[in-house]
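Student: Got a predicted structure plus its sequence, pasted below:
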Amino acid sequence: MSAMYKWSTEELISFLKSKDLRLDDEDFQVLREKKIDGVIFPNLTEERLIEYGLKRGPAMMISMEVQKLPNHLSLSHGKINYFRLFPPSQWSLLDFSNWVSSCWPSTAEDTRKTNQFFFNTLYILRDDPAVSTEVLDVVTNLLTQKKKVSIDNFSSLISIH
């Protein structure tokens, strides 16, 4: 994992200032307000930056900087990068869902698919003999929580009827 992913918003702003992109305090304030940090930066697009309130010129400059990053920093590899970017001790369905929605626009159907992707990935990790004990412990705990939630939801449905 690149050190860039550990950058705070202020560290990212320092990096952008060093690139002399002709950005001003107003542009940096947008990055602060949207809490753009090293995890989010490689996934920014010109369109997303404009949605966040940047003018087209600064958005293009930042987007061009993102495009210069090595491919392994880009989210073009998809949602599986969550499991590479964040330590297993931080994994959770809520965190995963928030991360995905910050990177890609989503709908209710996408949310269902996102949840399904998260748990399918956990099942794959659980069954992989090469997975470390640390990862296996986290995966087992998350899958146990899923089963408990499913059983509790099922029980509440039965008691209603």
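Tutor: Now that the structure is in, tell me what you want to look at. Numbers count the residues shown, from 1 in each chain.

Student: Now do residue 85 against residue 55, distance only.
Tutor: Applying CB to CB, to the nearest Å, the value for residue 85 to residue 55 is 30 Å. C-beta: built from backbone N, CA, C; applies to glycine.

Student: Looking at those two, which is more packed in?
Tutor: More crowded of residue 85 and residue 55, by other CB atoms under 10 Å: residue 85, with 17 against 13.

Student: ok, that one touching residue 39?
Tutor: Yes: here residue 85 lies in contact with residue 39, judged by CB atoms under 8 Å, at a distance of 6.4 Å.

Student: Report the secondary structure state of the residue nearest in space to the middle of the chain.
Tutor: Nearest to the mean C-alpha position of the chain, by CA atoms, centre = their mean, lies residue 99 at 3.0 Å. Under DSSP: H, G, I helix; E, B strand; the rest coil, residue 99 falls in the helix class.

Student: Name the nearest residue to it, sequence neighbours excluded.
Tutor: Among residues not flanking residue 99 along the chain, residue 82 sits closest, at 5.6 Å (CB to CB, 6 or more residues apart in numbering).

Student: Tell me, how many residues neighbour that neighbour?
Tutor: Per other CB under 10 Å, the neighbour tally for residue 82 reads 21.

Student: Also residue 6?
Tutor: Neighbourhood size, residue 6 [other CB under 10 Å]: 11.

Student: what ranges of the protein fall below the confidence cut-off?
Tutor: 1-5, 70-78, 105-107, 149-161 (pLDDT under 70).

Student: mind running it again at 50?
Tutor: For the chain, the stretches with pLDDT under 50 are 1, 72, 74-76, 154-155, 157-158, 161.

Student: domains of it?
Tutor: 3-68, 76-159 (the TED database).

Student: Single out the most deeply packed of those.
Tutor: Highest mean neighbour count of the domains of the chain: domain 3-68, a mean of 16 (counted as mean count of other CB atoms under 10 Å).

Student: My guess is residue 46 contacts residue 63. True?
Tutor: Yes: the criterion here is CB under 8 Å, and residue 46 meets it with residue 63 at 4.0 Å.

Student: Pull up the overlap in contacts between these two.
Tutor: Shared contacts of residue 46 and residue 63 (CB atoms under 8 Å, 6 or more residues apart in numbering): none.

Student: mind listing the helices for this protein?
Tutor: 9-18, 25-33, 46-51, 56-67, 82-85, 93-103, 108-126, 133-160 (DSSP state H).

Student: returning to that earlier point: right, and the residue nearest to residue 99 touches residue 97 too?
Tutor: No: using CB under 8 Å, residue 82 is not in contact with residue 97; the gap is 9.9 Å.
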